[in-house]
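Chemist: got a sequence here, can you model it:
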Amino acid sequence: MNKRIISCVLAVSVLFSVLAGCSSASETTASVSDTTTVETSASVTQTTEESETTEETAPSRCNGHYTFQTHVFPSKLEEIMGPAAHEAYDNMIDAVLAGEDYFDVADSETYDWVIGQFAYACFPVIDDYIESGYAEGFSNGRGKITYLIPKEELQQKIADFEQEITDILNENLEDDYSDFEKALALYLYMSRNYTYDNYMMDHSSEMTVSAYQTLQDKSGICQGLSELYSFLLLEAGVDATVMKSLFTADMGGHQWSYVKINGQYYHIDPTFALQSNDSLEYFMMNDSKREEAGYDPSACILTINYGSGPEHGMTITDDTYSPLWNGQFSRLDRTNRILYYWTDDEDFNRVEAQFDYGAVGN
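Modeler: Numbering: from 1, shown residues only. Below you'll find the model as predicted:
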């Protein structure tokens, strides 16, 4: 099975998150609960911290009713690879869940892609415990699944994984969250509950690096972190995949999430957001903002297809969310669709700004 090892450089200071949000005994959840605020017609307004009188929302757990979706598949992946590959992937997942050794697939090339690559994005726990036989694994429209652990053990890991994912969604999301609110809540969940693994970065070629590993360890590097965040979004009904930069003389490789909100794709980087005191600098970025860190999206590859390029729609010019990039999340008023965030004014005073995310269709 191909391993997608990409060394990551964590370019943000590690800070402990202290702002209010949903909380639990074992980990910090990221609810965006309702508060009562003054309605504003402007997209962004500011008030000084001293004049703020709105009572902060008390931390609470969310109460979603999400269930695990067995078949999730990024639309960009299907656009690049085609519906036959999607069908073969679904066949493979169904075969693994049934404990079978073979699945239907059209040809050897599709087999190699499906079993060697797709599962990391679409069912991470399976990716860690099956292997491809490549040329020897395909014959007469059937692909072979090689299990790396006993099937009964894998079935238990799958059951546990499904429960973990469902718990994360239900503790951080409400049923009526918009795609923007889901992306924000899960971004905050990742930033507050995961840490960067510097040892893994230095020894990634010797270790398992995956979304499943990241979920279990609550620690990882960009590859596993972005894959986990994108998978959580897929499970929540938000279209998402990953984007990978290439190694250059000046920059190491890096990977982040590529997320579709209201019909438009944005870059979201859960790695750079880790333990950043709820910084929104890496949330809903366009290409120019992404390039500030040294990563030119036009030179990057999308999802798992190493020949993909800008022809697959990797051009983002929308700067709607640019006011957030200099802020730290404070709270969300879902009734009036206002996101409150902390920033500094021209005199370096800390102020709470308001972003009317409802005005842009969220």
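Chemist: which secondary structure elements does the host helix or strand of D127 contact?
Modeler: Taking DSSP states H and E as the criterion, the element that holds D127 is helix 124-129. On a contact count with 3 or more CB pairs under 8 Å, 6 or more residues apart in numbering; DSSP states H and E, helix 124-129 meets helix 119-122, helix 151-172, helix 211-217, helix 222-235. Any C-beta I mention is one placed from the backbone N, CA and C, and that applies to glycine too.
Chemist: how about the strands in the stretch 1-150 of the chain?
Modeler: Ranges of strands in the stretch 1-150 of the chain, per DSSP state E, counting those that start in this stretch, are 44-48, 102-104, 130-131, 138-139, 142-144, 146-147.
Chemist: returning to that earlier point: mean neighbour count, distance to Y89 and mean pLDDT added to the helices and strands packed on helix 124-129, as CSV?
Modeler: As requested, those are exported to CSV (neighbours: other CB atoms under 10 Å; distance: least, CB to CB, whole Å; pLDDT from 0 to 100):
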stretch, mean neighbour count, distance to Y89, mean pLDDT
helix 119-122, 24, 7, 80
helix 151-172, 17, 16, 97
helix 211-217, 21, 16, 93
helix 222-235, 27, 13, 96
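Chemist: how about those helices in JSON lines, adding distance to H65?
Modeler: JSON lines is the format used below for these (distance: least, CB to CB, whole Å):
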{"stretch": "helix 119-122", "distance to H65": "23"}
{"stretch": "helix 151-172", "distance to H65": "7"}
{"stretch": "helix 211-217", "distance to H65": "21"}
{"stretch": "helix 222-235", "distance to H65": "13"}
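Chemist: on that earlier part again, pull the helix holding D127 out as CSV, backbone CA atoms only.
Modeler: Only the C-alpha atoms of helix 124-129 are listed here, as CSV (Å, rounded to 0.1, in the frame of the first residue of the first chain):
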residue,chain,number,x,y,z
PRO,A,124,-9.0,5.8,7.6
VAL,A,125,-9.1,2.8,10.0
ILE,A,126,-9.4,0.4,7.1
ASP,A,127,-6.4,2.0,5.3
ASP,A,128,-4.1,1.1,8.2
TYR,A,129,-4.9,-2.6,8.3
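Chemist: if we can go back for a sec, is it possible to get CSV of the strands of the stretch 1-150 of the chain that adds distance to Y295, mean neighbour count and mean pLDDT?
Modeler: Formatted as CSV, those follow (distance: least, CB to CB, whole Å; neighbours: other CB atoms under 10 Å; pLDDT from 0 to 100):
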stretch, distance to Y295, mean neighbour count, mean pLDDT
strand 44-48, 26, 14, 47
strand 102-104, 36, 18, 95
strand 130-131, 31, 18, 86
strand 138-139, 36, 18, 90
strand 142-144, 35, 20, 93
strand 146-147, 35, 14, 92
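Chemist: can you redo these as JSON lines with distance to Y120?
Modeler: Below are these laid out as JSON lines (distance: least, CB to CB, whole Å):
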{"stretch": "strand 44-48", "distance to Y120": "38"}
{"stretch": "strand 102-104", "distance to Y120": "17"}
{"stretch": "strand 130-131", "distance to Y120": "11"}
{"stretch": "strand 138-139", "distance to Y120": "20"}
{"stretch": "strand 142-144", "distance to Y120": "17"}
{"stretch": "strand 146-147", "distance to Y120": "16"}
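Chemist: indicate which one of the ones you listed is closest to T214.
Modeler: Nearest to T214 among those is strand 130-131; the distance by CB to CB comes to 18.5 Å.
Chemist: packing partners of that closest one?
Modeler: If you count contacts as 3+ CB pairs under 8 Å, 6+ apart, strand 130-131 packs onto strand 146-147.
Chemist: and the strand it packs on, which strands flank it?
Modeler: With DSSP bridges as the test, strand 146-147 is paired with strand 130-131 (antiparallel).
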